[in-house]
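Q: kindly generate the corresponding structure for this input.
(2 chains)
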Amino acid sequence: MKIYSLGANPNKPCNILNFKGVSLMLDCGLDINSALHFLPLPLVASKRLSNLPNWIPKDAQDAALLDGELKECENRVLVDGPIEILPPQSDIFDICDVDTILLSNHACMLALPFITEETGFKGRVYATEPTLQIGRLYMEELVNYLERTPKSQRANRWKQVIQSLPPPLSGALRPNDWKKVYSTKAINASLAKVRMVGFNEKIDICGALTVMAVSSGYSLGSCNWIIHSGYEKIAYVSASSTLTTHPRPMDQVALRNADLLILTALTQTPVANPDSMLGEFCMAVASTLRSGGSCLVPCHPSGLLYDLFECLSVHLDNIGLSQIPLFFFSPVAETSLAYSNIFAEWLSSGKQSKVYLPEEPFPHAHLIKNGRLKHFPSLHAEGFTNEYRQPCVVFCGHPSLRFGNVVHFIELWGNHSNHSIVFVEPDFPYLEALAPYQPLTMKIVHCPIDTSLSFTQANKLIRDLKPGNLLVPDVYLHPPVSAPLRSDLVIQELDPPALGMKSYQVLQLPIKRKQEKVHLDPALASRLEPIQFKTGLSASTLTGKLDARDNKFTLKVLNEEEGGTLYSAAERMLPRHPWGSVDTTQLLHLLSQHGLLDARVEDTPRGVVIHLPREDTVIQLEGSNTHVYCHDEALRRTLRDILLQCLPCL
Amino acid sequence: MTDIKVTPLGAGQDVGRSCILLQMGGKNIMLDCGMHMGYNDERRFPDFSYIADGNLTESLDCVIISHFHLDHCGALPFMTEMVGYSGPIYMTHPTKAIAPILLEDMRKVAVERKGETNFFTSAHIKDCMKKVIAVTLHQTVQVDSEIEIKAYYAGHVLGAAMFHVKVGNQSVVYTGDYNMTPDRHLGAAWIDKCRPNILISESTYATTIRDSKRCRERDFLKKVHDCVDRGGKVLIPVFALGRAQELCILLETYWERMNLKAPIYFAVGLTEKANNYYKMFITWTNQKIRKTFVQRNMFDFKHIRPFDKSYADTPGPMVVFATPGMLHAGLSLQLFKKWAPNENNMLIMPGYCVSGTVGAKVLSGAKKVETENRQVIEVKMSVQYMSFSAHADAKGIMQLIQYCEPQNVLLVHGEGVKMEFLKQKIQQEYGIDCYMPANGESAYIPCKPVVPVDVSLSLLKKEMALYDTVGAPDPKRPCRMHGVLVMKDNVLRLMEPEKAFGELGLNRHAIRFTSCLQLRLPGSASRAMDQIQLILNSQNTNYPVKPSEEGVLNLESVSIKMESTDKEDRKSMMISWALQDEDLATWIMSSLRQVIV
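A: Residues are numbered from 1 along each chain as shown, chains lettered A, B, ... in the order given. Down below sits the predicted model:
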C-alpha cells in the first residue's frame, strides 16, 4: 500500500492511495493561496491600483525583462496579471491510472476540472449531493469572478527571475506549474462525471474494495470515507467537526478500529476557538453598526455563512438593531440559499425536525421573506441601488480579496475609519490578503472561524478511534510555524508512531493483506465431507475451480472433463493429507492381506524399518515420517493406499 | 439450504392492506403495515395474532414502511400502540414527515365522522412516529448485527422507496408500489443489480401495458378545458398529498400554455402545507423539477390560488381542488352540494372511494344522493373518474426483474387472476420461479446460499501465479485450487495444508517415495541430466525444471538424481517425491519413459 501526495496544503488535500491494485484519489483540493501574489482585479478600473509604481529590481537587465509586470504597494511586490493557481501536481503519479476519486466536501474538490478535463482521467468520481451542488457553486463563483474581470496579458516573465525577487514572492510554490482557472464548460463536463452517494451507502470499487461516506459534521453533506477490502479497513478523515452547527453530526463510530487512519484538514486557526470567535464576530459587527459604520465580511457563498446569518441576526435582534439590512452578494447567492433549504436529510436533527412541520430549516429563509436579508448576484444587479442604505452588513466574496465584489467594497469603504472589515474565513492570512490595499483607514477585525478539528480534538479522536496506524500531513507532527513554541499544537506521540506525509512525495504504508474472500458455489459446498475434531472445529480438503471475475472469486466444482492440473497427462488424484503415525501391527496386517507375507521388521533408533526382500522394497517408519523405497510402480501404489489406510487423512 | 418464508397478512392476491411477513435467517421482518380502505370491521387491519398473541416486540425484528399511502402504513399506530410493538420501524424522511398527517386525517374521518370507537388516537399517532427511524436513499442501515437494509427510489409518491433486506448471505427486495416511468413530478424507480434471492413485487397492473400516460392527461385536460369554456365549475376532490400535486402541476402548465384565465383554487390548509413538503423534499422529485427549482419552484403555483368559502357562489367558471377525496365531509362535500344540480358543472374523481361515501355513490352512477342530514342532492353535474395512480405495468415489472436479477419473484398487491398471467410470463421469459401466496398462506422459497470463505492470500496468489504463467486465461483449462478448509466457530478459512495442520493442532504425516528409474541415454552423466531437463522443459515450457545442485533436478518436492551409468548408456536414476506431489512425479516418470526408453 502506497500513498502519493499531489498537493502541499493539508487543508486542500489531494492524495492518491494505492491499495489492492486500485488507485483512489482522496479529495481534489485547490489551493488558491497563489492568488495573494497578484494585484486585485477590480470591477471598475481603480485609479489607485493602476497608479501603483513598478517594482524596480537592482539588476537593470531584470527591470527590462519584467517590463512592469511587478508592482509595488507599501513594500510588497505584487504581480500585475491574470490570476493563476496551482492545481494538484501529477508528476509522481499518472492520473490515467486513477480508478476513482472520492470527494469529502465542497472545499476539497475545487481542482476537479483540472484533473478530469486536463489529464487522461478515465475513472469515476463520488460525492454526496450537497457536496456536488455546493462545490459547483464555489467553482461557478470563482470562474464568474475571474471571467468578468479579464486581464489579457499573462504575467510570466517574473518567474524567470524569481530568485532575485523579495519575499514572499520569491517563495512562491512551483510558479511554473501555475495555471489559469478552468472554464464553465470544464466545470459542467467535470461535474457530470460525479456520481452522487448517500451517507452509509456501500459502493463497490472495481470489485476489490468497498467505500462508504460517513458524516463528518463539517458542512452540508461533508463526509469522511471508509475504505474496506473485506479484511483491512482504512478511514480517511478530512475536515471534520465535532462542534454542533447546522450539518449532520460527525459519525465517529464508523471510523473505529481502522487498520489505517488518514487524518487531514485540521483547523487552520489552531489558536482560535470557533465559538468565542463567533461571539467576537457578532460583537465587532454590532459595535461598528452602533457607531454608524458598515461592516464588510469577506466570505464564501455557503457553509459558515449560514451560521453567520443565524447568529448575527439573533444578536442584532437582542441589541435592538433588527432594522439593519444584511446584503449578500454572489453570482450564486440565490442558488446557495435555495439549496440550503432542500437538504433536510443532511442537517442536524434540530434543523431536520423543522422540515417535518413543514418549515424551512434555516432561519435565513425567514430573514429573506421579511426583507432583512437581501441577496444579489452582483453590485450591478437590478434593484440593489434602491435597497442600498447604510449602515449595513455586506457579505461577499472572494475571501482572498483579489477578485469579486469585495474588491469594490474595500476600495469604497477603505478610507473611512467608521467602517470595518471583519475576517471570518480561515483560508487566507488576512494581512497578506490586505497587502495591496494598504494603507487602510477602515477598522480591521480578525476573528477567524474554523470548525474543523483542533489538535486537542484530533488527539482525543485518535485515542477514541484506536487506529492500527495513523497517517497525517508531516506538518502536523511539528508545532505550527505561526506558534513554534506551542508543542501542544501537534499530533501527540503514538505507538506505533504516526506516519508523516510530505508534500509531493510517495510513502509506503505498513498494511499487509493476508486474506481474501472466496465464495463457495453451493454445489461444491454440498460435496464437502468435513471431519469434526471437536465442537466448533472441523476441516476438509477442498479442490475446486477458481473463477475470478471483476476481482471477485468463486470456487466451483471442478469437472472431470475439464482436465486436471498443469500436467494434463498425469493421473488425476486429489491430494490427501495424512496425520498422526503408523501403527506397525496394523500395517503388517494389511500387508499380509495384500499377499506381502515376507515382511521383516527391524527396530532402529528412531522407529522401525520394514523390509520386503522379495520385492526389493523398504518402508521406513519414523514417527510422523514415512519413506517408501520401491521400484515397482504397481506395488508402490498398493503400498501408498495401504499406508493411507493406516493414517487418518484430510 | 435454508428456506425463506414469505407470508402476506394483506396484499396476498389482493390490493389493499399491504402487510407481508418475511422470515429469513432466523429473523422476522414486517414489510408495510397497511389498512384496507374497503372494510370498516376488524378486517381493515392485518391479523397480527398470526405473528404472536399480544405484544409483537419479541416476535418481530423490524418493520419497514415503503410509502405514506394508508394501505401501506395505515395500521401502524394500531399495531405499535394498541397491539404493542416497540421495535424499530424504518421509512424514508418524506414518508416520516407526511404519514402522520394522512393518519390523522383518516383517524378524524373514522372517529369524528363515522363515530367509530376502539380506534387509535392522535396521541397514538405521535407516539408511533417517535419509534420511526428515518432513512435516506441507498444508505446501508444496520438494523442489528445481521439485518441490513437499503432503500431505493420507487417513484410512486414523494418518498416512496423499495427496500433491499439482507440477512447473512440471503437477501430480498420488496418494491412497495413503484413506477418505472417518470411522471410530472417524480422520477422513475431504479435499482442496481443486487441479485436478491427473492423480489417481492407489487402487481397492480400485472396484465396491462398501459396506454401512454400522456393520453390520459390530455383527456383530463380536455374535459376540464371544455367545462370551463362553457362557464362550468370543476370540482376535484383530492387527498392533500400525492395526486393533488401532480394534477396541480398538470393544470398549472396547461393554463400557462393555453393562456387560460379561469381561476384555479385549492383549499387553504392541508394542500398548501402539503405543497411545502414537496418544496422541502425537492431532492425526491424528478430531474427536471430539481434542476429548475432555484429559478422556479414547481410547487410555487402561479395560477393556483387559495380558496375562500365566499368564492363558492361567485358566478363564472373555476376549478377547485378540495379535500377530502371521497366527498364524505368538509369543503369538498359542501361544494358538491352547491354545484351538483347544475349540468354545466363537472366532478372529477382522481382516486379510489370507500363504499358508503358520497364519492362512491356518485361514482357508481347515483343520480340522487342522500347526505348526513337526510338532505337529498340531485346530481346533474357530469361525473368523471380519472385514475392517475402511478404503478408499474407488466412491462415495468419485467424491466425491474431485469434490473435486479432475482433468483425468484413473489407477487403481491394485485388480483390473483392477473398475477397468474404475469407469473407464467416471468417463468417463461426469465426461467425463474414465481410465487403468489394468498393472505395467510406462506410461500417457502428454497435458497442455495453461496458460502463465503476466507482464503489465505499466499495460497490464492500461489494458485493464481501457477495459472497466470500459462499466459492468457484459457477457458478450457480452469484455475485449480486446492487447500484445506478449516471451519472454526462458524468461520470458514481455506489455507495451505501445512498451515491447516498447525491450526488444527495435528502432526502432519509426511510420506515420501523413492523409485529407481532405468533409462537409456547416451553420453556422460551430466549430458544425460541436461537432456532430461530439456525433455521436461520442452513439454511444459511455463514451469521449468531447474538443477539445484550438481547432478540433481528439483521440481516442487520432486528430485531426480543420477545414480549410475554403464557402458551401454543405461542410466539409473533415483526419483523421490512427497505424497502431495504424486501426480507431478507420475507425470515426470511417464514423460521420461515415453521419450527415452
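Q: can we go C-alpha only for contacts and neighbour counts from here?
A: Noted.
Q: C-terminal to the helix-or-strand element of chain B with minimal mean pLDDT, what's the next element?
A: Here the helix or strand of chain B ranked lowest by mean pLDDT, DSSP states H and E is strand B:546-549, holding a mean of 69. The element immediately downstream of strand B:546-549 (helix or strand, assigned by DSSP states H and E) is strand B:552-555.
Q: so what touches the helix or strand that that following strand is followed by?
A: With elements assigned by DSSP H and E, the helix or strand that comes after strand B:552-555 is strand B:558-565. Strand B:558-565 has contacts (Cα atoms under 8 Å, 6 or more residues apart in numbering or on different chains) with B:524-525, B:529, B:551-554, B:571-578, B:581, B:584-585.
Q: show me those residues that map onto helices.
A: In this view, those that belong to helices under DSSP state H are B:525, B:529, B:584-585.
Q: what is the nearest of these to chain A?
A: Nearest to chain A among these, counting by Cα to the nearest Cα, is residue B:584 at 6.8 Å.
Q: give me the element residue B:459 is part of.
A: Here residue B:459 is assigned to helix B:457-468, by DSSP H and E.
Q: now the element after that helix, going C-ward?
A: Per DSSP H and E, helix B:457-468 leads on to strand B:479-488 as the next helix or strand towards the C-terminus.
Q: so after that following strand, what's the next helix or strand?
A: Later in the chain than strand B:479-488, the nearest helix or strand by DSSP H and E is strand B:491-495.
Q: in that next one, which residues are buried?
A: Neighbour-count burial for strand B:491-495 flags B:492-495 (criterion: 16 or more other Cα atoms under 10 Å in any protein chain shown).
Q: partners of it, with directions?
A: strand B:451-456 (parallel), strand B:479-488 (antiparallel) (DSSP bridges).
Q: between the longest one and helix B:457-468, how many degrees?
A: The reference is to strand B:479-488. 170 degrees (axes from the mean of the first three to the mean of the last three Cα atoms, to 10 degrees).
Q: quick one on the thing from earlier: out of the contacts of strand B:558-565, which are close to chain A?
A: Counting by Cα under 8 Å from any Cα of the partner chain, B:581, B:584 from these sit close to chain A.
Q: of the contacts of strand B:558-565, keep whichever come out buried.
A: Of the contacts of strand B:558-565, these count as buried by 16+ other Cα under 10 Å: B:525, B:529, B:551-554, B:571-578, B:581, B:584-585.
Q: what about the stretch 151-300 of chain B, any weak spots by pLDDT?
A: Counting by pLDDT under 70, the ranges of the stretch 151-300 of chain B that qualify are B:209-213, B:268-271.
Q: so which bits of it are right by chain A?
A: Within reach of chain A by Cα under 8 Å from any Cα, the stretch 151-300 of chain B has these residues: B:273, B:276-277, B:279-283, B:294.
Q: reformat those residues as a markdown table; add secondary structure and distance to residue A:634.
A: A markdown table is the format used below for those (DSSP: H, G, I helix; E, B strand; the rest coil; distance: Cα to Cα, whole Å):
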| residue | secondary structure | distance to residue A:634 |
| --- | --- | --- |
| B:273 | helix | 91 |
| B:276 | helix | 88 |
| B:277 | helix | 85 |
| B:279 | helix | 85 |
| B:280 | helix | 83 |
| B:281 | coil | 80 |
| B:282 | helix | 80 |
| B:283 | helix | 77 |
| B:294 | coil | 87 |
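Q: interface residues of the stretch 51-200 of chain A facing chain B?
A: So far as Cα under 8 Å from any Cα goes, the stretch 51-200 of chain A lies against chain B at A:197-200.
Q: and for the stretch 351-500 of chain A?
A: When proximity is defined as Cα under 8 Å from any Cα, the stretch 351-500 of chain A approaches chain B at A:355-360.
Q: still on that earlier bit, report the two of the ones in helices among the contacts of strand B:558-565 separated the most.
A: B:525 and B:584 (23.5 Å; Cα to Cα).
Q: list phi and psi for residue B:413.
A: Dihedral angles of residue B:413 (phi, psi; degrees, to the nearest 10) stand at phi 50, psi 60.
Q: that one against residue B:19, yeah?
A: No: using Cα atoms under 8 Å, residue B:413 makes no contact with residue B:19, being 9.7 Å away.
Q: tell me which of these two has more neighbours.
A: Shown here are residue B:413 and residue B:19; by other Cα atoms under 10 Å in any protein chain shown, residue B:19 has more neighbours (32 against 27).
Q: list the contacts for residue 351?
A: In the absence of a named chain, chain A is used. Residue A:351 neighbours (Cα under 8 Å, 6+ apart): A:246, A:344, A:361-362.
Q: other chain: chain B
A: Per Cα under 8 Å, 6+ apart, neighbours of residue B:351: B:238, B:325, B:385-389.
Q: one more time with 6 Å, if that's ok
A: The contact partners of residue B:351, by Cα atoms under 6 Å, 6 or more residues apart in numbering or on different chains, come to none.
Q: and what of residue A:228?
A: By Cα under 6 Å, 6+ apart, the contact set of residue A:228 is A:209-210.
Q: got a pLDDT number for it?
A: As predicted, residue A:228 sits at a pLDDT of 96.
Q: that one and chain B, how far apart?
A: Residue A:228 is 15 Å from chain B, where distance means Cα to the nearest Cα, to the nearest Å.
Q: try residue A:92
A: From residue A:92 across to chain B, the span is 28 Å (Cα to the nearest Cα).
Q: just the CA trace of the least confident helix or strand in chain A by mean pLDDT, in PDB.
A: Within chain A, no helix or strand scores below helix A:60-66, which has a mean of 83 by mean pLDDT, DSSP H and E. This file holds the C-alpha atoms of helix A:60-66, laid out as PDB (Å, rounded to 0.1, in the frame of the first residue of the first chain):
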ATOM      1  CA  ALA A  60      18.700  46.800 -14.700                       C
ATOM      2  CA  GLN A  61      18.500  43.800 -17.100                       C
ATOM      3  CA  ASP A  62      15.800  42.300 -14.900                       C
ATOM      4  CA  ALA A  63      13.900  45.500 -15.000                       C
ATOM      5  CA  ALA A  64      13.900  45.500 -18.800                       C
ATOM      6  CA  LEU A  65      12.700  41.800 -18.800                       C
ATOM      7  CA  LEU A  66       9.900  42.400 -16.200                       C
END
